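Participant: Build the 3D model from these lines:
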Amino acid sequence: EVQLVESGGGLVQPGGSLRLSCAASGFPFSSYSMAWVRQAPGKGPEWVSGISRDGGTTDYADSVTGRFTITRDNAKATVILEMKSLKPEDTAVYYCATDPTRSGLVSRRWDRRGQGTQVTVSS
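Facilitator: Numbers count the residues shown, from 1 in each chain. Reported below is the predicted structural model:
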């Protein structure tokens, strides 16, 4: 059974930073590209960032480019999202997800995702 468990969310002031973690299990993690997806209140899910299965290729939504960094550790089956210069519009539930592509690269799509972690940016 695929399990994706996110952690690290919380309340932060505008301009602050957070580090989200995702612990993966139940599937061959190093064979999958991974993604972070977010959903703000009253809105649909939005792809945020993706990383190839070997970690060599990363991609970001325009809204977070230059502020967020995605990394992975295949030995520990974890995916990290470092978030800096946070804005109120970054407020959302953040989900770790698998990328359905079989190319090993990043597709900007997702399929299975975890339960999410709440990020709130407010003064």
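Participant: which stretches of the chain form strands?
Facilitator: 3-7, 10-12, 18-25, 34-39, 45-51, 58-60, 68-73, 78-83, 92-98, 117-121 (DSSP state E).
Participant: W110: which of those strands is closest?
Facilitator: Proximity to W110, assessed across the strands of the chain by C-beta to C-beta, is greatest for strand 92-98 (3.7 Å). Yep, even glycine has a C-beta here, placed from its N, CA and C like the rest.
Participant: Let me see the contact set for the residue nearest to the spatial centre of the chain.
Facilitator: Among the residues of the chain, the one closest to the centroid is W36, at 2.3 Å (C-alpha atoms, centre = their mean). Residues in contact with W36 (C-beta atoms under 8 Å, 6 or more residues apart in numbering) are L20, C22, V48, S49, G50, I70, V79, L81, Y94, Y95, C96, A97.
Participant: how close does it sit to L81?
Facilitator: 5 Å (C-beta to C-beta, to the nearest Å).
Participant: any residues in contact with both of these two?
Facilitator: Residues touching both W36 and L81 (C-beta under 8 Å, 6+ apart): L20, C22, V48, S49, I70, Y94.
Participant: from the residues you listed, which would you call buried?
Facilitator: Listed as buried from the shared contacts of W36 and L81 are L20, C22, V48, S49, I70, Y94; burial here means 16 or more other C-beta atoms under 10 Å.
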